[in-house]
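1. please work out how this folds:
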Amino acid sequence: MEEKAEMLVKETKILNIARLAKMLVDLFGLEEPFRKVGKREGQEIEMFMPALNGYITFILSSDKENFDCKATPANNPVSKIIINVKEEKILTILSNIIRSKNNMIGLIKLLKYLLPGRIKVKGSFIAAIKLVRCLMIGTNPIYKEKW
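-> Numbering: from 1, shown residues only. This next block holds a predicted model:
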């Protein structure tokens, strides 16, 4: 019974992360990275988090309105992104990715996760970069406002 409860909690966390990603892209996402998806449109990218034992599948789209993700394993992934950190650190890493600026400097800053192996990419590295750029909302004008 306790195992089922723990599994349900982890599954709920995965679903919430997927919903959050979709909501942030819908509200604050930029159009430019979606226009640059090009021939990669319709390709599936799978994100696996071993600490939560869960998958999120992103489907690349050239239109921000059609951006979709689901909390299931991909049928035919072009690329697999593995976030290999403890459960507590997953949201920190995803938050840093999302808050990064959509430019080369933002991508270079993500090397601090790739080089030590916290994030691994298997398959098409270009498709993974296209997804990450679609998720990056750091250049949105909302970040320029002073609170």
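
2. low pLDDT regions in the protein?
-> 143-147 (pLDDT under 70).

3. for it, which segments count as helices?
-> Secondary structure of the chain by DSSP state H: the helices cover 2-28, 32-35, 87-99, 104-109, 111-114, 125-135.

4. out of those, which comes closest to Ala51?
-> Of all these, it is helix 87-99 that lies closest to Ala51, at 4.2 Å by C-beta to C-beta. Where C-beta positions appear, they are placed from N, C-alpha and C, glycine not excepted.

5. what's that closest one in contact with?
-> Contacting residues not belonging to helix 87-99 are listed as 13, 17, 21, 24, 49, 51-52, 83, 85, 109-110, 113, 118-119, 132, 135-138, 143 [C-beta atoms under 8 Å, 6 or more residues apart in numbering].

6. now it: buried residues?
-> Judged by neighbour count using 16 or more other C-beta atoms under 10 Å, the buried positions of helix 87-99 are Ile90, Ile93, Leu94, Ile97, Ile98.

7. Val25 contacts Leu135, correct?
-> Yes. Judged on C-beta atoms under 8 Å, Val25 makes contact with Leu135 at a distance of 6.7 Å.

8. nearest to Phe125 among the buried residues of helix 87-99?
-> Distances from Phe125 to the buried residues of helix 87-99, taken as C-beta to C-beta, are shortest for Ile97 (15.3 Å).
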